[in-house]
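K.L.:
Task: produce atomic coordinates for the following.
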Amino acid sequence: MKAGCWLLVACSRLFGKYILLPRGSKTHANFPCVSLWRSLVTASRATISSADFFNPRGRAFAPLILILTFVLPSCRNRPDEYQRLLIFQKKCAEILGTRSGAILVMNPRSGLVLALINEKLGVQSSTRPGSTFKLVTALALVKNGIVRSTDQLICNGQVDIRGKTYRCWLREGHGEQNLLQALANSCNVYFYQAGEKLATEKLKAMARRLHLGDCTGINLANENCGALPEWVSDDERINFTVGQARALAVTPLQMLSMISILANGGVNYRLFYPNTPQEHETFRSELKETFHFGDELRIVREGLRQSVAYGTSAAAKLPEVAIAGKTGTSSAYFGNKTDAWFAGFAPFEKPEIAVVIFLENGRGAMDAAPMAQKVFASYFTIPLK
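P.N.:
Residues are numbered from 1 along each chain as shown. Have a look, this model is predicted:
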């Protein structure tokens, strides 16, 4: 491949001297194809015709030059892309530092995993998703007509359901909340009240639709498939709506897949992690399925945007890029410790990356969200103060 690339370079120089005439110039650049390459690669919207770029003697060679134009940059840029990927992965590892956790990043439009820091916790281990699971509950609530985005419920800090008191994380309560505000503020009481009207099977069906409880099929060994509860008691049914059911388990990789589906409008790609430059170069996205969501997806995505704008995910905010995301704090299976989650994507309108942060012994808003901000800033090369 490398020899072929340099052969194309030699041909380009040979023919370029007699064939290419850059627009508005009678002289040739040192590398004649460069003006054409730039117009194609960095401004692909440009309209190109042989009259613009080839003199009369050279028009017969137009097909050859166009092949050189498209093929050569691909040969030369692929190694550079992989090197940039390694640099980004190194930066993510530095961001995680000595914390026990995992950072996962992927392109939601292709399924290519860009960073996977700590495969053991990111792929091979599962735990409760905490409030990140409210995304599943919100989708199910709207889809099944339980709530509309404008319906308001009151949070006074706690609510009694069937003789038991369930508390919000904000002791004084959030006051009146609609679904968008409840997602942004991660209001437990809203989801307790609305979720009490949602049949458990309906919630499980939405979770299965998003492939929680299923392996993603990534090209890595020993993937943990997580678990959905087969049966829940009345008490567990309420906890299930906020991601705290005892038998509920999700891996950060599954969370990455789910948030990517929400980011790209319902398209599910097979996840792939390139272990070598060759795997990166030969990667081709593989479409698994397309979900046909109704208005529920638009509402949930807007709730994610508002969460970063003013809610519990605000520590992930960057003024230069519109970010959407959701924090979570899950109870560990044993003891009183909590784990921290963040799942999000950016830019909001046309996502380029999806990010999941998982940290043991932490809280979503205080620990995972600030770390996510650093990952987004590193990807978009935005300096932080």
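K.L.:
Residue 301: which element?
P.N.:
Using DSSP states H and E, residue 301 sits within helix 295-310.
K.L.:
For that helix, buried residues please.
P.N.:
296-297, 299-308 (16 or more other C-beta atoms under 10 Å). In this view, the C-beta of every residue, glycine as well, is placed from N, C-alpha and C.
K.L.:
before we move on, what about stretch 153-166?
P.N.:
153, 155, 159, 166.
K.L.:
Go ahead and name everything in contact with the helix or strand containing residue 120.
P.N.:
Take DSSP H and E as the rule and residue 120 turns out to sit in helix 119-123. Residues outside helix 119-123 that contact it (C-beta atoms under 8 Å, 6 or more residues apart in numbering): 100-104, 116, 218, 220, 222-224, 251-253, 358, 360.
K.L.:
For these, pick the one with the most neighbours.
P.N.:
residue 358 (35 neighbours; other C-beta atoms under 10 Å).
K.L.:
Is that one in a helix, a strand, or coil?
P.N.:
Following DSSP: H, G, I helix; E, B strand; the rest coil, we place residue 358 in the strand state.
K.L.:
nearest spatial neighbour of residue 184, skipping sequence neighbours?
P.N.:
Closest residue to residue 184 apart from its sequence neighbours, by C-beta to C-beta, 6 or more residues apart in numbering: residue 311 at 3.3 Å.
K.L.:
Same check on residue 108?
P.N.:
residue 260 (3.7 Å).
K.L.:
Make sure that neighbour is actually in contact with residue 355.
P.N.:
No. Applying C-beta atoms under 8 Å, one finds residue 260 not in contact with residue 355, separated by 10.0 Å.
K.L.:
Helix or strand: which one has residue 285?
P.N.:
Residue 285 belongs to no helix or strand, assigned by DSSP H and E.
K.L.:
Over to the one 4 residues further on?
P.N.:
When secondary structure is defined using DSSP H and E, the element that contains residue 289 is strand 287-290.
K.L.:
Looking at stretch 289-300 now, give me its mean pLDDT.
P.N.:
On average, the pLDDT along stretch 289-300 is 94.
K.L.:
typo on my end, it should be stretch 160-173
P.N.:
The model assigns stretch 160-173 a mean pLDDT of 94.
K.L.:
which outside residues touch that stretch?
P.N.:
154-159, 174, 185-189, 192-193, 196, 234-235, 238, 329.
K.L.:
list the contacts for residue 243?
P.N.:
Counted by C-beta under 8 Å, 6+ apart, residue 243 has contacts 128-134, 328, 330.
K.L.:
Recalculate using a threshold of 6 Å.
P.N.:
128-131, 133 (C-beta atoms under 6 Å, 6 or more residues apart in numbering).
K.L.:
ok, which stretches of this structure are helices?
P.N.:
Taking DSSP state H, the helices of the chain run over residues 2-19, 34-41, 50-53, 62-96, 119-123, 134-143, 179-185, 188-195, 200-209, 234-240, 252-263, 277-282, 295-310, 369-379.
K.L.:
worst average pLDDT in those helices?
P.N.:
Mean pLDDT per stretch puts helix 34-41 lowest among the helices of the chain, at a mean of 38.
K.L.:
related to what we said a few turns ago, which elements pack onto the strand holding residue 289?
P.N.:
Counting by 3 or more C-beta pairs under 6 Å, 6 or more residues apart in numbering; DSSP states H and E, the packing neighbours recorded for strand 287-290 are strand 267-269.
K.L.:
For residue 270, which non-adjacent residue is spatially closest?
P.N.:
residue 286 (4.2 Å).
K.L.:
which residues touch stretch 257-271?
P.N.:
By C-beta under 6 Å, 6+ apart, stretch 257-271 touches 108-109, 111, 113, 210, 216-218, 285-286, 288-291, 293, 343, 345, 351, 354.
K.L.:
so how far is residue 252 from the closest residue to residue 345 other than its chain neighbours?
P.N.:
Sequence neighbours aside, residue 263 is the residue nearest to residue 345 in space, at 3.8 Å (criterion: C-beta to C-beta, 6+ apart). Here residue 263 is placed at a distance of 16 Å from residue 252 (C-beta to C-beta, to the nearest Å).
K.L.:
neighbouring contacts of stretch 289-305?
P.N.:
Residues outside stretch 289-305 that contact it (C-beta under 6 Å, 6+ apart) are 135, 138-139, 142-143, 149, 180, 183-184, 266-268, 324-326, 348.
K.L.:
Sweet, I'm off.
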